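K.L.:
coords below, sequence missing:
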């Protein structure tokens, strides 16, 4: 199978390419200038959806995967650079929440004959499991905060506000919105100091073609910076990039990593 990977920043696109090649698929990587981390076959400016369509037609590719980080706030700083197709998609979206915009993009391109495929089968080994994932068990207070915050995070994610919250001693300190996960965690550290607990989840009925909840080494470094002591991830729904290295570093940084729900 030949597939186009539209790659954002971070390491998840690299993991996808590696696994896809192992399975015998051919991957054509399209990068976004100033955003994409992985080496790409072609680079496009942000907002040039019409150019992407022409590129795929020229290479006779109709299957697309979206992976990597595309900061929602970037849309609002690039409104003047959107091409006519991107503007059409923007008008089509019911609102400007991230999920609505990506859904509108998918609907428009699917009507043109393209197919967006689920990357999850390629990345199963990176999913968070249940229970404590590294060698450091959470304290009883940290576990209480994780269990307290988990259902709150699920409700906020379902509203498409964000997929990460930070709690401390039974209080929600910060909630992810347009600024992204890292900035949400930084803000919590400034507000509440050390001992914060971070919770990241997927939406209910998460469509993994649209959004892939992910943590990576950059997330871990922010947790270390604010002296957080626990990270709670929804089991089977959140990816851990560079998983082995991530869990070893979490041990070193004295951060418990736990998959919820445990049972």
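P.N.:
That came through, no problem. Because the structure is a prediction, the values reported are computed rather than measured.
K.L.:
Which of the helices or strands spans residue 54?
P.N.:
Residue 54 belongs to helix 49-58 when elements are defined using DSSP states H and E.
K.L.:
And the next helix or strand past that helix?
P.N.:
Next along the chain from helix 49-58, counting by DSSP H and E, comes strand 63-67.
K.L.:
Strand partners (parallel or antiparallel) of that next one?
P.N.:
strand 2-7 (parallel), strand 115-116 (parallel) (DSSP bridges).
K.L.:
got CSV for the ones you listed, with mean neighbour count and distance to residue 189 too?
P.N.:
C-betas here are computed from N, CA, C, even on glycine. Listed next are those as CSV, based on neighbours: other Cβ atoms under 10 Å; distance: least, Cβ to Cβ, whole Å:
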stretch, mean neighbour count, distance to residue 189
strand 2-7, 22, 30
strand 115-116, 16, 36
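K.L.:
taking the mean pLDDT, what do you get for the helix holding residue 54?
P.N.:
In this model, helix 49-58 has a mean pLDDT of 94.
K.L.:
secondary structure class for the residue nearest to residue 129 when sequence neighbours are not counted?
P.N.:
Spatial nearest neighbour of residue 129, excluding adjacent residues (Cβ to Cβ, 6 or more residues apart in numbering): residue 259 at 5.0 Å. Here residue 259 is strand, with the state taken from DSSP: H, G, I helix; E, B strand; the rest coil.
K.L.:
Give the bridge partners for residue 259, please.
P.N.:
On the basis of DSSP bridges, residue 259 takes part in beta bridges with residue 131, residue 233.
K.L.:
ok, it - how many residues close by?
P.N.:
21 (other Cβ atoms under 10 Å).
K.L.:
what sits against it?
P.N.:
Neighbouring residues of residue 259 by Cβ atoms under 8 Å, 6 or more residues apart in numbering: 128, 129, 130, 131, 133, 232, 233, 234, 235, 236.
K.L.:
farthest-separated two in the residues you listed?
P.N.:
Farthest pair in the contacts of residue 259 (Cβ to Cβ) is 232 and 236. Separation: 13.6 Å.
K.L.:
Of these two, which one has the most company?
P.N.:
A count of neighbours by other Cβ under 10 Å puts residue 232 above the other of residue 232 and residue 236, at 28 against 14.
K.L.:
Contact partners for the closest residue to that one other than its chain neighbours?
P.N.:
Spatial nearest neighbour of residue 232, excluding adjacent residues (Cβ to Cβ, 6+ apart): residue 146 at 4.0 Å. By Cβ under 8 Å, 6+ apart, the contact set of residue 146 is 138, 167, 197, 199, 230, 232, 258, 260.
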